[in-house]
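Peer 1: please work out how this folds:
(2 chains)
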Protein chains: 2
Amino acid sequence: MAERKRVVILGGGFAGVYAAKYLEKSLGNKDDFEIILLSKENYFVFQPMLPELISGTIGLLDIVCPLRPLLPKTNVQSREVESIDLVAQTVTTSHGFRAKPHVIQYDHLVIALGNVTDFRGMRGLPEHAMPFKNLADAIHLRNHVIRALEEAAIEVEDEELRKQLLTFVIAGGGFSGVEVAAELNDFVRTVARSYRGIKASDIRVVLVHSQGRILPEVSESLGNFAQKILQKRGVELMLNTRLDAATSEHAILANGQIIPTRTLVSTVPSSPHPLVESLALPKNKAGKLKAKNTLAVEGFKNIWALGDCALVPEPFTEGFCPPTAQHAIRQGKTVAHNIVASMRGGSQLAFDFGGLGKMGSLGHHCAVADIMGLNISGFLAFAMWRAIYLMKLPGWGRRLKVATSWALDFFLPPELTELKLAASSGIAEQHYEPGEEVFHQGELGDRMYIILAGRADVIRTDNGVERVLAQLGPGEYFGEMALLQKATRNATIRCTEPMNTLSIPQKEFNVLSSSLPQLKKSFEQKIETREEKSAATKVG
Amino acid sequence: MAERKRVVILGGGFAGVYAAKYLEKSLGNKDDFEIILLSKENYFVFQPMLPELISGTIGLLDIVCPLRPLLPKTNVQSREVESIDLVAQTVTTSHGFRAKPHVIQYDHLVIALGNVTDFRGMRGLPEHAMPFKNLADAIHLRNHVIRALEEAAIEVEDEELRKQLLTFVIAGGGFSGVEVAAELNDFVRTVARSYRGIKASDIRVVLVHSQGRILPEVSESLGNFAQKILQKRGVELMLNTRLDAATSEHAILANGQIIPTRTLVSTVPSSPHPLVESLALPKNKAGKLKAKNTLAVEGFKNIWALGDCALVPEPFTEGFCPPTAQHAIRQGKTVAHNIVASMRGGSQLAFDFGGLGKMGSLGHHCAVADIMGLNISGFLAFAMWRAIYLMKLPGWGRRLKVATSWALDFFLPPELTELKLAASSGIAEQHYEPGEEVFHQGELGDRMYIILAGRADVIRTDNGVERVLAQLGPGEYFGEMALLQKATRNATIRCTEPMNTLSIPQKEFNVLSSSLPQLKKSFEQKIETREEKSAATKVG
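Peer 2: This is a model prediction of the structure:
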């Protein structure tokens, strides 16, 4: 027997999983090659149904499929990929319970790492916008929305905060953003009935889109239909503008509008996986790997790229394949054939799938679909949407579970359980715009802050009169006094120039300052200096 | 109309929720008092079914009920209670999106805060034992077990680590521990079939119990039956000993046995909620609030205690009520009657419920039950268990969901999805016993460590020869060099005296050392000093 070849697949999305599935088929009962699939998660997410998680129409785990039963002949390893060495032909994964490097040699490398939400360079977005890409994002958004409703129900005095809490902003009017807006709107308006003191009229759901109409992927008539449906259900559309910046309290649009909100979801922009960025392989401007129509990366015979991280020529146009599940699945089939052909001998196939159509759910038993050029909308499109995706789900068990959840959803109210799993929010970065307050005099002290960029004023209010005590800039910190002395804030911190801060919560602060004496000492020296400067100007 | 009285209930478990439910009944269409219920979570967990979450027999959210729809006339506030002022008659809750103190005045205070898992004073348990008390604990345990299987499947070289990963230890052989052991054993042995390279014979599930037989709550014959069932399914019993200490790699028993494991669950011990501890109210030695048979706290007329945090006299014996759901529910009814009586006038009722029986599930369609003195075991007990708890679930929607999940579970395989929601593990404490290594020369550096107590050796291995470079004690730190210089560990750290450390992960370390220059400087000075001491003795 010749030496056993090894195919290593990076990524557990549609492209990677279907590549492995078709490779398993070719493997049959032979043993001439082995398949290793590396995936961050040990499950495969059925992405098109992710927005349904927000409203809880389907169970939390209904749309995820554990990879192992799905790929019985593949060696699935659930770890992050740390680095790729194209010369040595190795992949190194991050460590597990012990910090040992784990190196895997490959004969063929299939790169199907997909893309990631990328807020870099956008003011305040990395700190305050929520992505909507994977299972954790969906559950996090759902929890955040429930928390906002819980707090709005308690908040009876501070009308401004209440307004922020009950406003939900979604940026991006493509399929993904529209589905999120529709599901979030349905969910919030339904469960709000359980909250005493929250009226339907208090709730705002806003969809921001850069073009003149939403759903640029489909025809104008379908786009207009979707707009009317959303507006009828209470979604506000803000068209021809886009999200420019974000703080913990505001969404700031390019047209100058400022929306007070505590919940900001952005479905744009995305860029290829950071690992792809680090590879010396041919890429386009957006960073996608240039693949030939055989899905081999240009200039390579044993490196393959497919799915959302790849630029694959469309067979019937001059353009490139869109990032959809149907394309990824067929690319998986093509790449499996070509890898087997280059190992066992045989001719390479060109990718020749042109797409079947597009569908998007609008929630509430309504959808739009463009199937082979046919425009369908309303309940019929919704029924098709469900039927098609149900049959696409891998395995009858999964289909049964999802169908059952859908059936129960027809007559049961949605759940509003807040699933708090993460312990504390830990050390975090925040962005502030001029005029915003980091904290207010008299509030409880729960964090200290270090200014990374920008400026803020320290303001004391006595008998209703405001006085600026000091101006703070990069490298300076504040808020530690309330933590060290367990008192309420004795001043207000108000941003004067766009500011980024790093904040350390009480618990981490206590732990660090008690175990690192030099840290505590320097905080105390700072406080002493401030106290000397002015007996009445303590900043905490 | 007289002034509206306010009843504030602390706690959203069986006791608190049923107190609110019966108060709502008495309120009817009147408006002479209002009910506020403060609960950490916005849902109520049906505790008896919690172990079923491990195996995924039921959906993640099937056994939790959102509080608001359950208690439509109650003002539910989902926040932690910060403090109670018995003199001013106020309760202060923790803050929400803004850090303002929120103070609530009460006329009647119902304390139903339950108890918490309390590992204080037990060597290594606070750091390394997993509690099993609430929804987050159950999901955390499930994820941890799946992660251990994932890593065991990858680990082919390090036999010692593989053994640790495939050993699961449960401490406590009461109902709670037995149910966890049974479900965990079923789950691990079933899903392991999906993992290539994990054999059933590699798996160990160990139940540690301090007495001569498990299930001290029921008769000897039922206890023996349960023992036989568990052993037949592969659970190892270690009786007449208890968990003495824990590290990240070992469970150490009082009889000297050391079990290598990465998964240690302890269902004992528990103590009343920390807030109860801080109150100047009559308590017994274990810290439980002394209640009269009217459920008023001894010496008070408007403070009431019930559920697991209270010591309530049993009506027909000299003893006190056990901490079960059936008692908590009836106590809720009694307290509601007595509060209404003291507001509207009327006589106080004494708590007079003696308990109906005890039931415990052994998984795999098997259970034990002691109903009114009748011993039942096997499938009949299991069917009764399910039927009784199903009818106890609040609401038909919930019952339908759980029944559906049970039905699907009969012919669908269990899920093995690892639901990673928390981002990083953050700053953490660890415990080490003599001989254990914190890290090994040549491993990747991902954390730095500060010694809080105990001692360790710094060991360099050259050409197979070990040399002790230095001894470290409290207040000293190590491991920062690999982080600052992005290198692998250049020495091994081995514990010599029982040691507690605080570890800071790479990410938090980078953030802190770049924003707090004095911190970075002191680390660098330390490294320089070490380098001067010996050119060849760098510790990273």
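Peer 1: helices of the stretch 401-540 of chain A, residue ranges please.
Peer 2: Under the criterion DSSP state H, counting those that start in this stretch, the stretch 401-540 of chain A contains helices at A:480-484, A:506-515, A:517-533.
Peer 1: sorry, slip of the keys, the one I care about is the stretch 51-200 of chain A.
Peer 2: Along the stretch 51-200 of chain A, the stretches classed as helices by DSSP H, counting those that start in this stretch are A:52-55, A:67-70, A:125-128, A:135-154, A:159-165, A:175-191.
Peer 1: does anything pack onto the second one? Which helices or strands?
Peer 2: Packed against helix A:67-70 by the contact rule (3 or more CB pairs under 8 Å, 6 or more residues apart in numbering or on different chains; DSSP states H and E) you find helix A:14-27, strand A:43-45, strand A:75-78. (Glycine included, C-beta is placed from N, CA and C.)
Peer 1: packing partners of the last one?
Peer 2: Yep, that's strand A:75-78 we're talking about. Looks like strand A:75-78 contacts strand A:33-39, helix A:67-70, helix B:135-154 (3+ CB pairs under 8 Å, 6+ apart).
Peer 1: need those in TSV (columns: mean pLDDT and distance to B:Met481).
Peer 2: Formatted as TSV, the helices and strands packed on strand A:75-78 follow (pLDDT from 0 to 100; distance: least, CB to CB, whole Å):
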stretch	mean pLDDT	distance to B:Met481
strand A:33-39	96	30
helix A:67-70	89	38
helix B:135-154	90	27
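Peer 1: tell me where the stretch 251-400 of chain A has helices.
Peer 2: Remark: helices assigned in the stretch 251-400 of chain A by DSSP H, counting those that start in this stretch are A:274-277, A:325-344, A:379-392, A:396-409.
Peer 1: what angle sits between the last one and helix A:379-392?
Peer 2: What that stands for is helix A:396-409. Between helix A:396-409 and helix A:379-392, the angle comes out at 150 degrees (axes from the mean of the first three to the mean of the last three CA atoms, to 10 degrees).
Peer 1: what about helix A:396-409, near chain B?
Peer 2: Yes - contact of helix A:396-409 with chain B (CB under 8 Å from any CB of the partner chain) involves A:Gly397, A:Leu400, A:Lys401, A:Thr404, A:Leu408.
Peer 1: what about the last one, neighbour count?
Peer 2: Per other CB atoms under 10 Å in any protein chain shown, the neighbour tally for A:Leu408 reads 16.
Peer 1: correct me, but it touches B:Leu400?
Peer 2: Yes - between A:Leu408 and B:Leu400 there is a contact under CB atoms under 8 Å: 6.7 Å.
Peer 1: got the domain ranges for chain A?
Peer 2: Using automatic domain parsing, the domain parsing of chain A gives A:5-40+A:79-116+A:271-344, A:125-268+A:359-409, A:428-533.
Peer 1: closest one to A:Gly355 among the helices and strands packed on strand A:75-78?
Peer 2: Among these, helix A:67-70 comes nearest to A:Gly355, with 24.6 Å by CB to CB.
Peer 1: would you mind listing what in the stretch 201-350 of chain A touches chain B?
Peer 2: A:Arg262.
Peer 1: show me where the stretch 201-350 of chain A has its strands.
Peer 2: Counting by DSSP state E, counting those that start in this stretch, the stretch 201-350 of chain A has these strands, from start to end: A:204-208, A:235-238, A:243-246, A:250-253, A:258-260, A:263-266, A:270-272, A:289-290, A:303-305, A:310-311.
Peer 1: stretch A:166-180 near chain B at all?
Peer 2: No - on the criterion CB under 8 Å from any CB, stretch A:166-180 is out of touch with chain B, staying 11.8 Å away.
Peer 1: pull the CA atoms of that stretch into CSV?
Peer 2: Extracted in CSV, the C-alpha atoms of stretch A:166-180 (Å, rounded to 0.1, in the frame of the first residue of the first chain):
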residue,chain,number,x,y,z
LEU,A,166,-36.5,50.2,24.7
THR,A,167,-34.9,51.3,21.4
PHE,A,168,-33.3,48.5,19.3
VAL,A,169,-31.1,49.5,16.3
ILE,A,170,-30.1,47.1,13.5
ALA,A,171,-27.5,48.3,10.9
GLY,A,172,-27.5,46.6,7.4
GLY,A,173,-30.6,46.0,5.3
GLY,A,174,-29.5,42.9,3.4
PHE,A,175,-31.0,39.5,4.1
SER,A,176,-29.2,39.0,7.4
GLY,A,177,-30.1,42.5,8.8
VAL,A,178,-33.7,42.3,7.6
GLU,A,179,-34.2,38.8,9.2
VAL,A,180,-32.7,40.0,12.5
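Peer 1: in chain A, where is pLDDT below threshold?
Peer 2: A:1-2, A:411, A:413-415, A:420-425, A:515-540 (pLDDT under 70).
Peer 1: residue closest to the middle of it?
Peer 2: A:Pro131 (2.9 Å; CA atoms, centre = their mean).
Peer 1: just give the nearest non-adjacent residue to it, would you?
Peer 2: A:Thr117 (3.5 Å; CB to CB, 6 or more residues apart in numbering or on different chains).
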